[in-house]
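Q: Turn this into a model:
(3 chains)
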Amino acid sequence: MSAVPSSSDAPRTPAVTTTSSLDVTDAAAAAGHVVEQLRARRPLVQCITNYVSMDLAANLLNAAGASPAMVHHPQEAGEFAGLADAVVANIGTPSPDWADGIVAATTVAVERGVPWVLDPVAVGATSYRRDLAGRLLTNRPTVIRGNAGEVLALAGVAGASRGVDSAADSSAVGDQAAALAAEAGCVVAVTGARDLVTDGRRQLTIDGGDRRAPMITALGCSATALVAACCAVGEDRLAATAAALAMITVAIERAGRDAAGPGSLRWRLLDELADLSADQVGSRIEESHRDDQS
Amino acid sequence: MSAVPSSSDAPRTPAVTTTSSLDVTDAAAAAGHVVEQLRARRPLVQCITNYVSMDLAANLLNAAGASPAMVHHPQEAGEFAGLADAVVANIGTPSPDWADGIVAATTVAVERGVPWVLDPVAVGATSYRRDLAGRLLTNRPTVIRGNAGEVLALAGVAGASRGVDSAADSSAVGDQAAALAAEAGCVVAVTGARDLVTDGRRQLTIDGGDRRAPMITALGCSATALVAACCAVGEDRLAATAAALAMITVAIERAGRDAAGPGSLRWRLLDELADLSADQVGSRIEESHRDDQS
Amino acid sequence: MSAVPSSSDAPRTPAVTTTSSLDVTDAAAAAGHVVEQLRARRPLVQCITNYVSMDLAANLLNAAGASPAMVHHPQEAGEFAGLADAVVANIGTPSPDWADGIVAATTVAVERGVPWVLDPVAVGATSYRRDLAGRLLTNRPTVIRGNAGEVLALAGVAGASRGVDSAADSSAVGDQAAALAAEAGCVVAVTGARDLVTDGRRQLTIDGGDRRAPMITALGCSATALVAACCAVGEDRLAATAAALAMITVAIERAGRDAAGPGSLRWRLLDELADLSADQVGSRIEESHRDDQS
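A: Prediction:
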């Protein structure tokens, strides 16, 4: 683990300047720029994430060009957030201590204008997770990243949905994701066979990948960590979020060409991530026009 | 991590109907059937397992066709067990909080008729582990999976043995394993160069594998998780347990053909697991006739 | 995880007999001997290490020939240290419980004359880490292993330095490392592009490796674990520490020849570690003569 800031020129307080006139080409260009900035600035990403995901999330951040630091205990999580360029809050293996650590770190992140990303793992599975996610939503995440079921469940917690839909695939939850984004005032990313990113108004999609990707445990959690890293260097958080998901999509698609199964798919993903070009990433992002629905 | 039940037709309360007239052919056939059912039904396995094993256990379950969920905190472990198709209780890195989580989850599992598997990691090493294992035994595990030394030590805790034998290899502990199975009313699996599975009366064995398997950390813990997954879809728990161990034995044997060392052995194991046929698994299980000893 | 001592002839109380007349050839020979002893005696290494490093540290110890056991909870850490051949104390993801476990285990280690190694991960990042590291220093570690920034920060905690230097690479911190070694009465190892090992008087260096090594998360933490394993079987702790670092340097250099990126570099490292010869390791260690500075 590298927990010491390694780059003194890393951005401390990136300004949020989402330009509403961005079109598709701009989003793709912005995403490509994020790939380059990640390697140039090596943002320090404080990951408060579940035990299962730590190994992959940290190695994936390293491969992509960011600097991971797993710092979660309430004794130090807030202080450390004063050094971080982005914060990840993942509730995959929650406990009261870690919840306190998340609140401390994200509170400092908000104060400093540093992005933080919420991963509401299995939020619908237990009341403890629902309560915790509701508490964290009040701390204004910059981005929420989940699968379709998690986004639907969280939309329910946030009051942005009137129930849980049965067909939980990413294409079918665009409306709820947009409503959640509007309600929570953040970007919402839904990953699946098709990835979808929305700020409640605009929607970007990423297609591709490998059908065996779900066999890699914690790939979604690691995507969340990469979203945080990209938001640390990309001022347009919609494009930065899409950049992170496109990086993983392109890398796993390339990894899948020579992978015989889920074991080789995982290490090849890391090899490919370290070798991606900005063009490969940007060209994968498309703006999809949704019917206007409030 | 995938912690949301992904298959609504997963078995919620599999009936226990161990048929005493099963012969060798039946055990092999039943084991082959388990491999197919695992992929068809994708059981949700709640793993309360040690920190070291989480990554491999989750990826191994995914590769084999099951759905892992690492949920251990007492705040939610019992509630989550209400959704799970099987529960794993591994004491590799024990603490009072996790012990409470294990008790909560396994109590719900027993109430629901859902299988749970105990892995008494290093039970002989400290008094804390001995006390915890003794406490858990009273909650009636469906299966106990350990190495020879652990099974001997646990037999001592359970009063099924009068000491710890010096020669702790799996072939030499058949009597103690059978005595422990009879005493605890469960299936006992002993893994090693030869794997042995007994319910106190019948005994199945699996030979093969790769001599470098012990260099893969947490392979035994991951085998325990796969035993739980197989018991979720196999009504004959003796055969289901043998199926899990045979899956790993065959997969690692195939992985070993091209593996230059322990690093490549591990990822190749996952690739092979995802590619196993029912025939390969079933044909590896043999019933070995032991002299009758009580 | 293998947490049960597997070799009854493992050294229980290795004597410390650092011979002051050792020259370069002797250090190289002693290091080569350590590689052989590691495999012959398979020391049990109790690792109290951060969550991120557990998987790699355990697998790396296994590949090198040692037996890892992750046992950290205060309920059992001290008792288990009575069985261990070496103890690792890594503060990468610290908490009050684990701090108590570290104190309990290292106290027993000191009483038994068993080596223990401190890894002061990110010690300069938060006041909690600084306080904890200061508390642990009073328990007399056998070796401290860190990167340049951590060693500089710890030297400040220990009063062996008057500040934090700006140029934090391993070559530039020889004086502070030597001062820290003298102040703390232990061996200090600084890893980086060049590794440096000192007892305050003599200094050994190891060059080589692969420029992509920093992309493997927890490689430094795993090096710390291997230092502990080597000190369990090598009476000359300066040479044993250098042996551990040279093992990793040579293995990763060989791994890098065929590695396309950080994913393949990691598993190839494990393959190569299991295949190293004593000669390859010993020949990589050089004694570098420093100007005398107090």
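Q: only C-alpha atoms for contact and neighbour calcs from this point on.
A: Fine.
Q: Return the residues in contact with the most far-flung residue of chain A relative to its centre.
A: Relative to the mean C-alpha coordinate of chain A, counting by C-alpha atoms, centre = their mean, the farthest residue is residue A:260 (27.7 Å). With contacts taken as C-alpha atoms under 8 Å, 6 or more residues apart in numbering or on different chains, residue A:260 has the following neighbours: residue B:271.
Q: For it, give its distance to residue A:267.
A: Between residue A:260 and residue A:267 the distance, using C-alpha to C-alpha, to the nearest Å, works out to 12 Å.
Q: for residue A:76, same thing?
A: For residue A:76, the distance to residue A:267 - C-alpha to C-alpha - is 32 Å.
Q: more neighbours, the two?
A: For the pair residue A:76 and residue A:267, the greater number of neighbours falls to residue A:267 (25 against 21), based on other C-alpha atoms under 10 Å in any protein chain shown.
Q: Neighbours of residue A:77, how many?
A: Close neighbours of residue A:77, defined as other C-alpha under 10 Å, add up to 26.
Q: Residue A:93 and residue B:75 touch, don't they?
A: No - using C-alpha atoms under 8 Å, residue A:93 is not in contact with residue B:75; the gap is 10.8 Å.
Q: And for stretch A:59-72, what's in contact with it?
A: By C-alpha under 8 Å, 6+ apart, the residues outside stretch A:59-72 that reach it are A:1-6, A:38-40, A:42-49, A:54, A:58, A:77, A:80, A:98, A:101-102, A:222, A:225-226, A:229, A:270-271, A:273-274, C:52, C:92-93, C:215-217, C:262.
Q: Selection in ChimeraX covering whichever of those are buried, please.
A: Per 16 or more other C-alpha atoms under 10 Å in any protein chain shown, the buried members of the contacts of stretch A:59-72 correspond to this ChimeraX selection:
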select /A:1,2,3,4,5,38,39,42,43,44,45,46,47,48,49,54,58,77,80,98,101,102,222,225,226,229,270,271,273,274 /C:52,92,93,215,216,217,262
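Q: can you tell me which of the contacts of stretch A:59-72 are in helices?
A: Of the contacts of stretch A:59-72, the ones assigned to helices by DSSP state H are A:38-40, A:54, A:58, A:77, A:80, A:98, A:101-102, A:222, A:225-226, A:229, A:270-271, A:273, C:262.
Q: need the residues of chain A near chain C, please.
A: Where proximity means C-alpha under 8 Å from any C-alpha of the partner chain, the interface of chain A facing chain C comprises A:1-4, A:51, A:54-55, A:58-59, A:62-63, A:70-73, A:75-76, A:79-80, A:266-272, A:274-275.
Q: ranges for the helices of chain A?
A: Here chain A has its helices, by DSSP H, at A:24-41, A:54-64, A:77-81, A:96-112, A:127-137, A:148-158, A:174-184, A:219-233, A:237-258, A:262-273, A:278-282.
Q: Need the residues that contact the first one.
A: Read it as helix A:24-41. Residues contacting helix A:24-41 (C-alpha under 8 Å, 6+ apart): A:7, A:9-11, A:64-66, A:229-230, A:233-234, A:236, A:239-240, A:242-243, A:277-287.
Q: That one: which residues count as buried?
A: With burial defined by 16+ other C-alpha under 10 Å, the residues of helix A:24-41 counted as buried are A:24, A:27-39, A:41.
Q: The residue lying closest to residue A:132 once chain neighbours are set aside and residue B:94: what is the separation?
A: Nearest residue to residue A:132 in three dimensions, chain neighbours excluded: residue A:99, at 7.4 Å (C-alpha to C-alpha, 6 or more residues apart in numbering or on different chains). Applying C-alpha to C-alpha, one obtains 21 Å for the distance of residue A:99 from residue B:94.
Q: quick revisit: what distance do you get for the residue nearest to residue A:132 to residue A:77?
A: Using C-alpha to C-alpha, we find residue A:99 at a distance of 11 Å from residue A:77.
Q: cool, residue A:189 as well?
A: Residue A:189 sits at a distance of 25 Å from residue A:77 (criterion: C-alpha to C-alpha).
Q: what residues does the stretch 101-250 of chain A put near chain B?
A: Counting by C-alpha under 8 Å from any C-alpha, the residues of the stretch 101-250 of chain A close to chain B are A:121-122, A:124-128, A:149, A:215-221.
Q: ok, those residues vs residue B:202, which is closest?
A: Using C-alpha to C-alpha, the shortest approach to residue B:202 within those belongs to residue A:215, at 35.2 Å.
Q: what about the nearest residue to the closest one once chain neighbours are set aside, how many neighbours?
A: For residue A:215, the nearest residue in space outside its immediate sequence neighbours is residue B:62; the separation is 5.2 Å by C-alpha to C-alpha, 6+ apart. Counted with other C-alpha under 10 Å, the burial measure for residue B:62 works out to 25 neighbours.
Q: ditto for residue A:202
A: Counted with other C-alpha under 10 Å, residues neighbouring residue A:202 total 18.
Q: Do you know the pLDDT at it?
A: Reported pLDDT at residue A:202 in the predicted model: 95.
Q: Just want to check the distance between it and residue A:29.
A: Distance of residue A:202 to residue A:29, given as C-alpha to C-alpha: 16 Å.
Q: that older thread, which single one of the buried residues of helix A:24-41 is nearest to chain C?
A: Sorting the buried residues of helix A:24-41 by how near they are to chain C, with C-alpha to the nearest C-alpha, puts residue A:39 at the top with 12.1 Å.
Q: Tell me where the model's unsure across chain A.
A: Counting by pLDDT under 70, the ranges of chain A that qualify are A:1-25, A:160-169, A:289-294.
Q: Drop anything exposed from the contacts of helix A:24-41.
A: When neighbours are counted using 16+ other C-alpha under 10 Å, these contain these buried positions: A:10-11, A:64-66, A:229-230, A:233-234, A:236, A:239-240, A:242-243, A:278, A:280-287.
Q: Tell me, how many residues neighbour residue A:183?
A: The number of residues packed near residue A:183 is 14, by other C-alpha under 10 Å.
Q: Does residue A:209 touch residue A:246 like I think?
A: No - when contacts are counted by C-alpha under 8 Å, residue A:209 is not listed as touching residue A:246 (9.0 Å).
Q: So those two - more neighbours on which side?
A: residue A:246 (27 against 22).
Q: any idea how far chain C is from that one?
A: Spatial separation of residue A:246 from chain C under the definition C-alpha to the nearest C-alpha, to the nearest Å is 19 Å.
Q: Quick check: that residue touching residue A:279?
A: No - using C-alpha under 8 Å as the test, residue A:246 is too far from residue A:279 to be in contact (10.9 Å).
Q: contacting residues around the nearest residue in space to residue A:188 that is not next to it in sequence?
A: If you skip the residues right next to it in sequence, residue A:188 has residue A:144 as its closest partner in space, 4.8 Å away by C-alpha to C-alpha, 6+ apart. If you count contacts by C-alpha under 8 Å, 6+ apart, residue A:144 has them with A:117-120, A:186-189.
Q: now do 7 Å
A: For residue A:144, the contact set (C-alpha atoms under 7 Å, 6 or more residues apart in numbering or on different chains) comprises A:117-119, A:187-189.
Q: quick one: the residue nearest to residue A:215 and residue B:274, what's the gap?
A: Counting by C-alpha to C-alpha, the gap between residue B:62 and residue B:274 amounts to 8 Å.
Q: Would you agree residue A:129 is in contact with residue A:121?
A: No - taking contacts as C-alpha atoms under 7 Å, residue A:129 lies outside contact range of residue A:121: 8.3 Å.
Q: Have a look at those two and say which one is more surrounded.
A: Neighbour comparison, residue A:129 and residue A:121: the larger count goes to residue A:121, with 28 against 22 (by other C-alpha under 10 Å).
Q: what's near enough to touch the more buried one?
A: In this structure, residue A:121 makes contact with A:90-92, A:150, judged by C-alpha under 7 Å, 6+ apart.
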